[in-house]
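A.B. asks: Let me see the structure of the following:
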Amino acid sequence: MLRSAAVLIDTHTHLDDARYDTDREAVLTRAREAGVNALVTIGCDLATSRAAVVLAERYPFVYAAIGVHPHEVKHIGDGWYDELRRLAQHPKIVAYGEIGLDYHYNHSAPKEQRHRFREQIGLARELKLPLVIHTREAQADTIAILREERASEVGGVFHCFSGDAWLAKDALDLGFYLSFSGIITFQNATMLRDIAKTVPPDRLLIETDCPYLTPVPYRGKRNEPAYVALVAKTLAEVRTPSETAEDIGRITAENARRLFRIS
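C.D. replies: Prediction:
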């Protein structure tokens, strides 16, 4: 059983995923035993945003974010934003996202992605919610749109950060946090570990992005929130001697509480 001496917050999960349907309670028990005292489950469209709210209502230590992922923006229909506004009134909604740009798969056309990204930043500003940003092979457009749409007024996090040093600098200059996932444990993630050394401690977050991106030594299996302890451990090893795993847990938990206004 994975245990951690640190108090941890997993800032990005997809707890509604069907891969948890048979053992979600056990997954959450293991998370608590590993030191996870709060987690955020993320919406990617209207259905998963609703599911995130349901899970946040069911479990005291689960919080939720709502929004439409760049893959899914082609499905946005009449009334979606009104429904997201309604969901945002729930007291356990702590962020808007994940939203952004993804030019790797282009499941939605890039032009539509950019249009909907701007709309959703505007909605997050209206709702006064921090942003959860997804960006892949779209660095210049992501940063430009965030600047033009005044996203720094609400701030947020670049989730599952895997960009280069320039993206890290641009994100930090906008006042955003960088969240590191299990990718940091991968053998070929040397550049990412080098970037992680340079991030100011008050801008660090950790996540699993579960059920995806399972860290070593469980890579290839389903990810779960308990494994965020492995992300904290690796981040501490990278940043040695600055912080221990317990320090990383404490720092990133404080940062998550501040960003998401989690008491």
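A.B. asks: contacting residues around stretch 181-199?
C.D. replies: Outside stretch 181-199, the residues that touch it by CB atoms under 8 Å, 6 or more residues apart in numbering are 12, 159-162, 164-165, 168, 172, 178, 180, 206-209, 213-216, 219, 223, 227, 230-231, 234-235, 238-239. C-betas here are computed from N, CA, C, even on glycine.
A.B. asks: typo on my end, stretch 108-118
C.D. replies: Here stretch 108-118 has contacts from 68, 70-74, 76, 99-103, 138, 141-142, 145, 148-149, using CB under 8 Å, 6+ apart.
A.B. asks: biggest helix in the protein, by residue count?
C.D. replies: Using DSSP state H to define each element, the chain has its longest helix at helix 110-127.
A.B. asks: Same question for that one: list its buried residues.
C.D. replies: For helix 110-127, burial by neighbour count (16 or more other CB atoms under 10 Å) applies to 113, 114, 116, 117, 119, 120, 121, 123, 124, 125, 127.
A.B. asks: coming back round to it: from the contacts of stretch 108-118, list the buried ones, please.
C.D. replies: Here, 16+ other CB under 10 Å leaves 68, 70-73, 76, 99-102, 138, 141-142, 145, 149 buried among the contacts of stretch 108-118.
A.B. asks: Return the subset of those lying in strands.
C.D. replies: Judged by DSSP state E, strands contain the following of the buried ones among the contacts of stretch 108-118: 99, 100, 101, 102.
A.B. asks: separation between the last one and residue 70?
C.D. replies: From residue 102 across to residue 70, the span is 4 Å (CB to CB, to the nearest Å).
A.B. asks: Name the residues contacting each of those two.
C.D. replies: Joint contacts of residue 102 and residue 70 (CB under 8 Å, 6+ apart) are 113, 134.
A.B. asks: if we can go back for a sec, next, format the buried residues of helix 110-127 as JSON lines and append pLDDT and distance to residue 192.
C.D. replies: JSON lines is the format used below for these (pLDDT from 0 to 100; distance: CB to CB, whole Å):
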{"residue": "113", "pLDDT": "98", "distance to residue 192": "24"}
{"residue": "114", "pLDDT": "98", "distance to residue 192": "26"}
{"residue": "116", "pLDDT": "98", "distance to residue 192": "28"}
{"residue": "117", "pLDDT": "98", "distance to residue 192": "24"}
{"residue": "119", "pLDDT": "98", "distance to residue 192": "31"}
{"residue": "120", "pLDDT": "98", "distance to residue 192": "27"}
{"residue": "121", "pLDDT": "98", "distance to residue 192": "26"}
{"residue": "123", "pLDDT": "98", "distance to residue 192": "31"}
{"residue": "124", "pLDDT": "98", "distance to residue 192": "27"}
{"residue": "125", "pLDDT": "98", "distance to residue 192": "30"}
{"residue": "127", "pLDDT": "98", "distance to residue 192": "31"}
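A.B. asks: Now render the residues you listed as a markdown table, adding distance to residue 24.
C.D. replies: Output for the buried residues of helix 110-127, formatted as a markdown table (distance: CB to CB, whole Å):
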| residue | distance to residue 24 |
| --- | --- |
| 113 | 31 |
| 114 | 36 |
| 116 | 30 |
| 117 | 31 |
| 119 | 32 |
| 120 | 28 |
| 121 | 32 |
| 123 | 29 |
| 124 | 28 |
| 125 | 33 |
| 127 | 28 |
